[in-house]
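Chemist: coords below, sequence missing:
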C-alpha cells in the first residue's frame, strides 16, 4: 500500500520541513540532524528518507528560507540492504555541497545493523525470556553472511572518508559494529573519523572501552527509556531492562555521549530528555529503572549541546556559549543550575536567537 501512495511534490516537502522547523523553534531548538536521506530511503513512507528530501532542504537553503542548522546523514542503502547497495548508493550520492555548510551539510553515512528490542529484533548474546536472540537486518541468508556484509558496509563507508552512524541496539550486534569500526580504521587509518553507535541500548563494557580508545561516540535516547522502561522489563527481564541505555557507564568509560529523541518515536523535547537522563523514571509508573545510570544536569546538557556539536564536526563553532560561536541560544526563565530534575520539563523558553535574529518568542 505504501508503495502505491502518491509521492509529495517538492513544494509539499519544503512546506513540511518548514512546519517541522517552526515546531522545533517552539521548543527552543535551532539545530538538528536528519538521520538518513538518500537512495536507501526511497521506500520509506512518502519518501521521507529519500534523496528528494535532501533536494527540498537544498532548495530552502539556497533561497534563504531554511531557518535551522541541519546536519544530514546520507542513506546509501535501505534496512536489509547489502554492501553492494552501499557501494552503489555512495557512487550516486557522493558528498552533496551546500553554499553555507554551517546551515546545511552532509556529515556522515547511516547504516542499519539490527532491529529494536521491543520487537525482539535487536541481536542479543543472551536469548529473550520468550526465546530467540533477534538478528541482524542486512542482506544474507545466514548469520555468517550477514556479519560479512555488515563488516563490508562499514569498511566501504570508512574508506570513502565518511563518518559512520550505525543504528544498532543489541549487545551482540553492537560488539560486531564496534569491532568493524576498529578493523576498518586499522586497514585504512583515519585520525578523527568520529564514528558512532546510534541507540546503543545494550552496549557492554568491552565495546565502551573500544569506543573510548578510538575516539568514537554513542548517541542514546533517554526519552525512549522514559517511555518504555516498564515494557522492557517484560521484553528482556528486569536486570537487562535496568541497564538499557547505560549513560553513566559510557561517560565513566570516557565515551562521548549524545542524546536524541529519535523523533517521531518520541517528541523532540530536549527538556524531557535531560530530566530522563537525571532520573531514569518510568513515564507510566514513575519507578526508577537503573538509577545507578543517572547523570547530573551538566552531563545531560552536554549530551544535547557541546557533545552534539562534536558529533557534527562543529565543535569549533557551535555547542557552547563563547565569543565567535554560532548564536544558537535558548534563554531560560529562572536559574538553570540547581533545579529539581522534575522542573526541567516545565522550564519556559523565552526566546530563541538565530544568527542575531529572534525567530521565536513566547
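Modeler: Structure's in. What do you need? Note that the coordinates shown come from a computational prediction; the quantities given were computed from them, not determined experimentally.
Chemist: Find the helix or strand that residue 308 is a member of.
Modeler: Using DSSP states H and E, residue 308 sits within helix 306-311.
Chemist: nope, residue 54 is what I meant
Modeler: With DSSP H and E as the criterion, residue 54 is inside helix 51-62.
Chemist: can you list contacts of that helix?
Modeler: Helix 51-62 has contacts (C-beta atoms under 8 Å, 6 or more residues apart in numbering) with 7-8, 10, 13-14, 17-18, 34, 37-39, 41-42, 47, 66, 70, 72, 93, 96, 98-100, 103-104. Every residue, glycine included, has its C-beta placed from N, CA and C.
Chemist: can you do 6 Å?
Modeler: 10, 13-14, 17, 37-39, 66, 98, 103-104 (C-beta atoms under 6 Å, 6 or more residues apart in numbering).
Chemist: buried set for that helix?
Modeler: 51-54, 56-61 (16 or more other C-beta atoms under 10 Å).
Chemist: Ok, stretch 160-177 next?
Modeler: For stretch 160-177, burial by neighbour count (16+ other C-beta under 10 Å) applies to 160, 162-177.
Chemist: first vs last residue of that stretch, how far apart are they?
Modeler: 17 Å (C-alpha to C-alpha, to the nearest Å).
Chemist: again, but for stretch 62-73
Modeler: 19 Å.
Chemist: longest strand of this protein?
Modeler: strand 104-112 (DSSP state E).
Chemist: list the contacts for residue 169?
Modeler: 116-117, 122, 199, 201.
Chemist: Might one say that residue 217 is in contact with residue 196?
Modeler: Yes. With contact defined as C-beta atoms under 6 Å, residue 217 reaches residue 196; the gap is 3.9 Å.
Chemist: Contacts only, for residue 90.
Modeler: So residue 90 contacts 76, 160 (C-beta under 6 Å, 6+ apart).
Chemist: Three-state assignment for it, please.
Modeler: On the three-state scheme (DSSP: H, G, I helix; E, B strand; the rest coil), residue 90 is labelled helix.
Chemist: quick one: it from residue 231, how far?
Modeler: The gap separating residue 90 from residue 231 is 37 Å, by C-beta to C-beta, to the nearest Å.
Chemist: Would you map the helices across the stretch 151-300 of the chain?
Modeler: Assigned by DSSP state H, counting those that start in this stretch, the helices in the stretch 151-300 of the chain fall at 171-187, 205-214, 222-236, 238-243, 247-252, 270-279, 297-304.
Chemist: tell me the most buried of these?
Modeler: helix 270-279 (a mean of 24; mean count of other C-beta atoms under 10 Å).
Chemist: roughly how far is it from the heart of the chain?
Modeler: From the chain centre to the centre of helix 270-279 is a distance of 16 Å (C-alpha atoms, centre = their mean, to the nearest Å).
Chemist: Over to stretch 110-125?
Modeler: 15 Å.
Chemist: That stretch - what's its average pLDDT?
Modeler: For stretch 110-125, the per-residue pLDDT values average out at 97.
Chemist: and that stretch, which residues are buried?
Modeler: In stretch 110-125, counting by 16+ other C-beta under 10 Å, buried: 110-117, 120-124.
Chemist: Make CSV out of the residues you listed and add distance to residue 257.
Modeler: As requested, those are exported to CSV (distance: C-beta to C-beta, whole Å):
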residue, distance to residue 257
110, 19
111, 20
112, 21
113, 19
114, 20
115, 22
116, 19
117, 19
120, 26
121, 24
122, 19
123, 22
124, 22
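Chemist: for the buried residues of helix 51-62, which one is nearest residue 144?
Modeler: residue 51 (32.5 Å; C-beta to C-beta).
Chemist: tilt between the helix holding residue 54 and strand 104-112?
Modeler: 160 degrees (axes from the mean of the first three to the mean of the last three C-alpha atoms, to 10 degrees).
Chemist: Backbone torsions only: list them for residue 188.
Modeler: Main-chain dihedrals, residue 188, degrees, to the nearest 10: phi -140, psi 80.
Chemist: still on that earlier bit, tell me which of the contacts of helix 51-62 fall in helices.
Modeler: If you go by DSSP state H, the contacts of helix 51-62 have 10, 13-14, 17 in helices.
Chemist: closest to residue 280 among the buried residues of stretch 110-125?
Modeler: So of those, ranked by how close each gets to residue 280 (C-beta to C-beta), first place is residue 117, at 16.2 Å.
Chemist: now the contacts of helix 51-62 as JSON lines including neighbour count, pLDDT and distance to residue 187?
Modeler: Putting these into JSON lines (neighbours: other C-beta atoms under 10 Å; pLDDT from 0 to 100; distance: C-beta to C-beta, whole Å) gives the following:
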{"residue": "10", "neighbour count": "13", "pLDDT": "95", "distance to residue 187": "40"}
{"residue": "13", "neighbour count": "23", "pLDDT": "96", "distance to residue 187": "39"}
{"residue": "14", "neighbour count": "20", "pLDDT": "97", "distance to residue 187": "41"}
{"residue": "17", "neighbour count": "21", "pLDDT": "96", "distance to residue 187": "38"}
{"residue": "37", "neighbour count": "28", "pLDDT": "93", "distance to residue 187": "28"}
{"residue": "38", "neighbour count": "26", "pLDDT": "92", "distance to residue 187": "25"}
{"residue": "39", "neighbour count": "21", "pLDDT": "92", "distance to residue 187": "26"}
{"residue": "66", "neighbour count": "22", "pLDDT": "95", "distance to residue 187": "38"}
{"residue": "98", "neighbour count": "17", "pLDDT": "74", "distance to residue 187": "31"}
{"residue": "103", "neighbour count": "19", "pLDDT": "93", "distance to residue 187": "35"}
{"residue": "104", "neighbour count": "23", "pLDDT": "94", "distance to residue 187": "32"}
